[in-house]
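*Asks:* the following block contains a protein sequence and its predicted model.
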Amino acid sequence: LGEVGGTEEYKVCEAIKSGAIKKPIVSWCIGTCADMFSTDVQFGHAGASAGAAEETASAKNAALKAAGAHVPSSFDELGEEINKVYCKLVETGVIVPQPEVPPPPVPMDYNWARELGLIRKPASFMTSICDERGQELLYAGIPITEVFRQDMGIGGVLSLLWFQRRLPPYACKFLEMCLMITADHGPAVSGGHN
C-alpha cells in the first residue's frame, strides 16, 4: 500500500522492472479521490498531499501497473486482486497450500481445572506501572475503586501510572488536552504535533 505524496513507490516500480523484486506485487496507492477535488487535498494524520502530478495516487497506480504490479481498478477490488494472484500462484504450483492444523482439544474449562488444582495459579505482577498482586489493582498505591470513587479522570489515572503520584489538577487537565488532540486522526493531528 502506498499513498498520495512523495515518490517512494517509483523505487518499487524500478525494482520490479530491473528484476530486483521477483515475486508478484499487488499494490494500491490510497488517495485517488483527490483527483475529484479542484484544490490540493491533505490526507490522514501526516497530512499527505501531492506536490506534483507524479505524486498523485492515480499516477503512482498507473506507474506500478505499467511496471508489472497487479493493481486493481479501485481500493474496493484490492481483496479480489490479492485472491486472483494467490489462486494463479496455486494453479501454477508456486504456492502449495497446506491443510489447516486443528488446534488440540481443551480437556476441560480453564476455571474448573484451576479450581481442581490441575493447573497452577496465574502469576500476579508488580510493575512500575501498577500492582496486580492483591484482589484489587493499585495505581501508585491507590486502589482502583478509590480512583473511580474520586472521579480522577484520565489525567489523574495517567498521573498515577506514569508519574507514580497524584499531579495537581492543572497538570491532569494538560494531559487530558494532549490526549484529546492526539486522539484525532484528521488535520488537527498534523497541526497539533507540528
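*Replies:* Here it is on my side, so go on.
*Asks:* what's the separation between the residue of the chain most remote from its centre and Gln135?
*Replies:* Most distant from the centre of the chain: Leu116, at 40.3 Å, with distances by Cα atoms, centre = their mean. Using Cβ to Cβ, to the nearest Å, we find Leu116 at a distance of 22 Å from Gln135. Placement of C-beta: from N, CA and C, glycine included.
*Asks:* can you give me the helices in this protein?
*Replies:* In the chain, the segments counted as helices under DSSP state H are 8-18, 57-67, 78-91, 110-115, 144-149, 153-163, 169-183, 187-193.
*Asks:* in this structure Leu78 contacts Pro72, no?
*Replies:* Yes. Assessed by Cβ atoms under 8 Å, Leu78 is found in contact with Pro72 at 5.2 Å.
*Asks:* list the residues that contact both of these two?
*Replies:* Common contact partners of Leu78 and Pro72 (Cβ atoms under 8 Å, 6 or more residues apart in numbering): 26, 28.
*Asks:* give me the number of residues near Lys23?
*Replies:* Residues near Lys23, counting by other Cβ atoms under 10 Å, number 8.
*Asks:* with the one 10 residues further on instead?
*Replies:* Applying other Cβ under 10 Å, we find 13 other residues in the vicinity of Cys33.
*Asks:* repeat that for Tyr170.
*Replies:* 8.
*Asks:* quick revisit: list the residues that contact the residue farthest from the centre of the chain.
*Replies:* So Leu116 contacts nothing (Cβ under 8 Å, 6+ apart).
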